[in-house]
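Trainee: Quick one, structure for this:
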Amino acid sequence: RSILVTEMVKAPTRIQLGSGDDSAALTLMSPDMGRIRIGLRCVHETWASIIQAGLAAWMLHQQVGVVFVAPVCVVVVCFVGLGILINFTGDSQRSWMSGVQKRVGLTATVIASMKSLKISGLAGPVAEYVQQLRVNELTAGARYRRIMIIAAVFAFIPQLISPPLTFAFAQHTLNASTMFTSLSFLTLLTQPLSQLFQSIPDLVSGLACLGRIQAFLKLKSRQDYRQPLVDAQRCGMEKGSNQVNQQPTDYFVIRDANFGWKADKFVLNKINTQIPASSLTMVIGPVGSGKSTFCKALLGEI
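Mentor: Model (predicted):
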């Protein structure tokens, strides 16, 4: 947990601006991390329960003979049903966490812009939209909870059906000693599998959340295309006649530059400017003319 949280704190400082959701790190560090913790908490139950169930089945065979196959068949049927159910667990978990991320991100934006929303009279419609996102989130969460309920049903079916089914198919008369011993072995056989059936959906959802974190950490890293002015001047000196005429007081120098948010789609084209140091420089233009894009280009963000 500490390793993942540390990496998610560092990731927003190095990923390319606009390549991910601003609220992704916040939601990944809270609900997604909680699902991972719950899912991986019982990871050792996966192999330990199988070994315990195998030993219990062998001991049950020593008591009741071939009829030990009856509870094993019940377990196999429930396991097949759980395997089919698991196919829907990851998608429902990702859908739920995506809904949480969208709702949390919008809520944070609304709180930060509350004054503007009040002045513009948009508080009511925005509140309704946030409420609708919450409803959608609960709907997605309900699908995951239904999967968990079905998984719990599969988990407890062997405990409920195996004892009467085993004794019903017993081929010889059972005395009290054999029955109580067999019941103990049946408990040893079904109880760990019950825990296993309930932990597998949590494990799959935890892996799905790990996939979300992996996708976030693998976002394209920010690449600074700027060149320090000293290096540019040195490069110009080496080129001789191609040296760009730059004044020592120039702090930013842009020559025939194209800027955009994507490599193949430029917003600003053929930009040439020199911004002097220790001076007030204003970028003026109508809405949508590219002022913010130009300023982010100066910062090396695009």
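Trainee: Show me where the chain has its helices.
Mentor: Listed in chain order, the helices found in the chain under DSSP state H are 2-14, 24-27, 33-41, 45-64, 69-86, 89-112, 114-120, 123-168, 176-217, 229-239, 291-298.
Trainee: Give me whichever of these is most buried.
Mentor: Here the criterion is mean neighbour count by mean count of other CB atoms under 10 Å, and of those the winner is helix 24-27, at a mean of 21. To be clear about C-beta, it is placed using only N, CA and C from the backbone, and glycine gets the same treatment.
Trainee: mean pLDDT for the helices of the chain: which is lowest?
Mentor: Per-segment confidence across the helices of the chain bottoms out at helix 229-239, which has a mean of 59 in mean pLDDT.
Trainee: Make a markdown table from the helices of the chain and add distance to residue 283 to it.
Mentor: A markdown table is the format used below for those (distance: least, CB to CB, whole Å):
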| stretch | distance to residue 283 |
| --- | --- |
| helix 2-14 | 25 |
| helix 24-27 | 30 |
| helix 33-41 | 41 |
| helix 45-64 | 59 |
| helix 69-86 | 55 |
| helix 89-112 | 24 |
| helix 114-120 | 22 |
| helix 123-168 | 30 |
| helix 176-217 | 32 |
| helix 229-239 | 20 |
| helix 291-298 | 5 |
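Trainee: So for stretch 33-52, first residue to last residue, what's the gap.
Mentor: End-to-end distance of stretch 33-52: 30 Å, with CA to CA, to the nearest Å as the criterion.
Trainee: Contacts for it, please.
Mentor: 1, 4-5, 93, 97, 188, 192-193, 195-196, 199-200, 202-210, 213 (CB atoms under 8 Å, 6 or more residues apart in numbering).
Trainee: who's in contact with the residue nearest the centre of the chain?
Mentor: The centre of the chain sits closest to residue 212, judged by CA atoms, centre = their mean, with a distance of 2.8 Å. Taking CB under 8 Å, 6+ apart as the contact definition, residue 212 lies against 28, 32, 94, 97.
Trainee: how about a cut-off of 10 Å?
Mentor: Taking CB atoms under 10 Å, 6 or more residues apart in numbering as the contact definition, residue 212 lies against 24, 27-28, 32, 35-36, 93-94, 97-98, 101.
Trainee: what do you get for residue 111?
Mentor: For residue 111, the contacting residues are residue 117, by CB under 10 Å, 6+ apart.
Trainee: likewise the one 10 residues further on?
Mentor: With contacts taken as CB under 10 Å, 6+ apart, residue 121 has no neighbouring residues.
Trainee: Tell me the pLDDT of it.
Mentor: At residue 121 the predicted local confidence, pLDDT, stands at 87.
Trainee: Now it, what are its backbone angles?
Mentor: For residue 121, the backbone dihedrals are phi 70, psi 20 (criterion: degrees, to the nearest 10).
Trainee: so residue 182 sits right up against residue 57, yeah?
Mentor: No. The pair residue 182 and residue 57 does not pass the contact test of CB atoms under 10 Å, sitting 11.7 Å apart.
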